[in-house]
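Peer 1: Below are the sequence and a predicted model for it; my questions follow.
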Amino acid sequence: MRERVVTMPFYPSKRTFVRQICLVAPVVFLAVIFHTIALAQTSSFLMPPAEFQAFDTPNDAGDSISLTWSTSPNDAPDVFYVVYIDKEKDGAFTVEAARIPSNSGYRTGVPEIYGYKKGNSNYHYVQIFPQKVFHSETSERNQTYYFKLAILADSTQIMLSTVASATAKGNWIDTKKINNFVIMVILCAIILHFIVHARRSPNMFLRKIAGLDAVDEALGRATEMGKPVLFVHGLTGMGSISTIAATSILGRIARKIADYDANLKVVNNDPIVMSVSQEVVKESYLEAGRPDAYNPDNVFLVASEQFPYVAAVGGIMTREKPAANFFVGYFYAEALILAETGASTGAIQIAGTDAYTQLPFFITTCDYTLIGEELYAASAYLSREPMLMGTLRAQDVGKGVLIIILILGTILASFGLEFITSLFVAV
Amino acid sequence: MRRDTNFFILIGTVGLFVLANIILMAFGKLPFSSDGFGIILGAGITLAIYSFLYQDNPAFKIAENLYVGVSLGYTIIITWFNFLKPDLYEPLIVPLFSSAAEKSPQYALLCPSLLGLFMLLRFSRKLSWLSRWTFAFVVGLGAGISIPRVISAFILQQIKPSLHPVFSGGETFLSSINTLIILLGVISVLIYFIFSVEHKGAIGKMSKIGIWFLMISFGASFGYTVMGRLSLLIGRIQFLLKDWLGILQ
């Protein structure tokens, strides 16, 4: 009897096959995943962002367009995003509007648009100024611009098919500055209220300001000695608040000088300030009933540059030896030279400035110094006019409110409640 | 007698200065060229200005008048080339009167030009009142522009960094103390500048603390600025000793 030879088939059994597949498949799957990730990290496998949008930049003058797109797994310092711009939707898109490293330019950099959301770091953001890109002198109103985004690594560039478009439009209101506007409205309301209040009861209390009490003493001294009073303006023009305050004080001093029949000289650095000073002094002499005593030549321009002004005023102080010197306004490096020269002539000196860096020099060289806001309070103090007194009172109330906000805000911020802090963001 | 002495001191000083320059040029320390004369002029004016430290004298007066005159001439040139020519002459006057002009005249510039001309009418007694329109415009514009800027700079930008948490977990004890000192400083200085309340009692004490804070900050600012001024003096002395006399190398 022949032995039956049973040969094992070449193919494995079904069970073995399934077992082998189960072993190999995860290995292959993992290999594919790792290979894909590795490819994604190389320049030859660029994954462009999924979303790409353009919109008019809010709160601007209408000269920029904002672009935003989602991040890509390829984002790295040597991978770049390139934005191309065109005026036509079907254009060639050859003009490059922006190029940024793909690990920069996130929405987190513009909290005024996107706030402080956690997801902001998953989106890129750039601002395009089309006028600058096209080097055009005049802006083209209502021009729609089209954008295409490309991702670039080494020499490989992949351009998105998406075309984003936007039209730059100017905004009447900058919502980032709403807090500034609200504060202005509140302060105006407080000032108006206290002006009305001051008109009803004009005997408002004002604390003593030594520098201003000394004005009468200085003018009296000048009158007795028969020497002039020198009023020195700062270097800023009429747009500066300190110069406006200085001309207001000049008016009060000129009024008293007209009463005392003393001689006033006003030196100026700015022609417009000089003209305003002439008007102010003239009016003060008229108010005092002595228009004949006003001499326009006593209010004059010395020099329009800083140090020539100092040299000339120093010369005037040394030669004419005024009995009293007033330094009022905004001063720079000339403050010490002027005040030191004045002190060497033996004049009584009163300074008033809100220039923080120059105050120490005036304090050390002048007899009296009006520090910062005392300068603004001076005209109210000298004139006691209800309108100015009311304004001063309103400013004090404003300061009181700020003190309360500071204390409350600090306490709340310490407990993690920062809503008061967020109200005072300056742009 | 006093005047004669001063006169001889002045003549002697000028003579010494001239002699020093002749020697410097003779020995080749200063080049006999426009550069050399420029250095001599600079040194002479520097010394003339510094002579004011002794007392007022003719050399200082010459330097002072020269300085004022040069600055005025400089201002006129700057005004023409930086303002009048690009902002008025080229966009308005040239297109208005020249047929070869490429651009049409910008008539909007007539308004500011008129305001500028009104300023010159101050020389006329009858029409000088028109200059007040310009003043009103300049003062009103300046005040208007200043308001939001002042609110931003003096209120918003000051308050936000002051609203710092005293403790929020991450601070050290010393940084919390620092925050409290800053808060005390800001509040006390604000109280010092309140004018319509009498500075007595608690307000008076806080106001005095405010003065202390102010004076400490002024002292620091004084020292800082004096150091800056000293560097300016060193610069001038270096010019005299190095560029002029050639003593420093």
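Peer 2: Yep, that arrived.
Peer 1: Skipping adjacent residues, who's closest to the residue of chain B found nearest chain A in space?
Peer 2: Using C-beta to the nearest C-beta, B:Gly142 is the residue of chain B that sits closest to chain A, at 2.9 Å. C-betas here are computed from N, CA, C, even on glycine. Closest residue in space to B:Gly142, ignoring its immediate chain neighbours: A:Gly239 at 2.9 Å, by C-beta to C-beta, 6 or more residues apart in numbering or on different chains.
Peer 1: got a list of contacts for the helix or strand hosting B:Ile49?
Peer 2: Assigned by DSSP states H and E, B:Ile49 belongs to helix B:34-50. Helix B:34-50 is contacted by residues A:311, B:17, B:21, B:25, B:30, B:59-60, B:62-64, B:66-67, B:236, B:239-240, B:243-244 when judged by C-beta atoms under 8 Å, 6 or more residues apart in numbering or on different chains.
Peer 1: By residue count, tell me the biggest strand in chain A.
Peer 2: Longest strand in chain A by number of residues, with DSSP state E as the criterion: strand A:144-153.
Peer 1: Summarise which helices and strands that strand is packed against.
Peer 2: strand A:52-56, strand A:65-70, strand A:79-86, strand A:156-159, strand A:164-167 (3 or more C-beta pairs under 8 Å, 6 or more residues apart in numbering or on different chains; DSSP states H and E).
Peer 1: And the residue of the stretch 101-250 of chain A closest to chain B?
Peer 2: Shortest the stretch 101-250 of chain A-to-chain B distance, computed as C-beta to the nearest C-beta: residue-wise this is A:Gly239, at 2.9 Å.
Peer 1: Helices along chain B, start to end?
Peer 2: Applying DSSP state H to chain B gives helices spanning B:2-26, B:34-50, B:58-78, B:94-97, B:110-120, B:131-150, B:157-162, B:173-192, B:201-238.
Peer 1: Same list (the ones you listed) but as JSON lines, adding mean neighbour count.
Peer 2: Below are the helices of chain B laid out as JSON lines (neighbours: other C-beta atoms under 10 Å in any protein chain shown):
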{"stretch": "helix B:2-26", "mean neighbour count": "12"}
{"stretch": "helix B:34-50", "mean neighbour count": "16"}
{"stretch": "helix B:58-78", "mean neighbour count": "16"}
{"stretch": "helix B:94-97", "mean neighbour count": "14"}
{"stretch": "helix B:110-120", "mean neighbour count": "14"}
{"stretch": "helix B:131-150", "mean neighbour count": "15"}
{"stretch": "helix B:157-162", "mean neighbour count": "17"}
{"stretch": "helix B:173-192", "mean neighbour count": "17"}
{"stretch": "helix B:201-238", "mean neighbour count": "13"}
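Peer 1: Indicate which one of the ones you listed is closest to A:Ile411.
Peer 2: The minimum distance between A:Ile411 and these falls on helix B:173-192, with 10.2 Å, by C-beta to C-beta.
Peer 1: Any idea how many residues pack against the residue of the stretch 101-250 of chain A closest to chain B?
Peer 2: 18 (other C-beta atoms under 10 Å in any protein chain shown).
Peer 1: quick one on the thing from earlier: I'd like the mean pLDDT over the helix holding B:Ile49, please.
Peer 2: If you average the pLDDT over helix B:34-50, you get 93.
Peer 1: now do stretch A:110-123
Peer 2: 86.
Peer 1: any idea how far B:Leu24 is from B:Tyr50?
Peer 2: 19 Å (C-beta to C-beta, to the nearest Å).
Peer 1: Quickly list the domain ranges of chain B.
Peer 2: Here the domain parsing of chain B from automatic domain parsing is B:2-98, B:106-163, B:170-249.
Peer 1: now the shortest one, how far from the chain's geometric center?
Peer 2: Centroid separation between domain B:106-163 and its chain, computed with C-alpha atoms, centre = their mean, to the nearest Å, is 21 Å.
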